[in-house]
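[1] Build me a model:
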Amino acid sequence: MTNPKSRRYDLLFDKDLPVRMSGRTVLRANVFRPDAAGQFPVIMTKGPYGKDVYFRDGYCPQWDRLKEI
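    Next comes the predicted model:
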């Protein structure tokens, strides 16, 4: 049986998807998701700026930890 933690997936990237808030406010989100069917955990970051900063550049310690998993 294959260990699910050892599986690798191609990623799909959706840029600037609209997220409607109350009122007329619309936020934009970048979404990275596996190119596979099924349920996957969510890793989410948020902040007032830096949406288009590469995660590995803006959050180096967290990126290094993710690569260990």
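[2] Could you give the average pLDDT over the helix or strand encompassing K67?
    Using DSSP states H and E, K67 maps to helix 60-68. Rounded to a whole number, the mean pLDDT of helix 60-68 is 86.
[3] number of nearby residues for N30?
    N30: 13 surrounding residues under other CB atoms under 10 Å. Every C-beta, even on glycine, is put in place using the N, C-alpha and C of the backbone.
[4] likewise G23?
    Other residues close to G23 by other CB under 10 Å number 6.
[5] Could you measure from the nearest residue to D14 once chain neighbours are set aside over to Y9?
    Using CB to CB, 6 or more residues apart in numbering and skipping the chain neighbours, the partner closest in space to D14 is V31 (4.4 Å). To Y9, V31 is 14 Å away according to CB to CB, to the nearest Å.
[6] same thing with R33?
    9 Å.
[7] R20 now?
    From R20 to Y9 the distance is 29 Å (CB to CB).
[8] So for V31 and Y9, which residue has more residues nearby?
    V31 (14 against 11).
[9] Could you pull up phi and psi at the more buried one?
    As for V31, its main-chain torsions (degrees, to the nearest 10) stand at phi -120, psi 130.
[10] Which strand or helix spans R24?
    Counting by DSSP H and E, R24 is part of no helix or strand.
[11] how many other residues sit next to it?
    6.
[12] could we number from 49 for the rest of this?
    Right, with 49 as the first residue, what we last looked at is R72.
[13] rewinding a little: extract the C-alpha set from the helix holding K115 and format it as CSV.
    The C-alpha coordinates for helix 108-116 follow below in CSV (Å, rounded to 0.1, in the frame of the first residue of the first chain):
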residue,chain,number,x,y,z
CYS,A,108,11.1,30.8,3.9
PRO,A,109,11.0,28.9,7.3
GLN,A,110,7.5,27.6,6.6
TRP,A,111,8.4,26.6,3.1
ASP,A,112,11.4,24.7,4.4
ARG,A,113,9.2,22.9,6.9
LEU,A,114,6.7,22.0,4.1
LYS,A,115,9.4,20.4,2.0
GLU,A,116,10.3,18.1,4.9
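[14] Thank you kindly, that will do.
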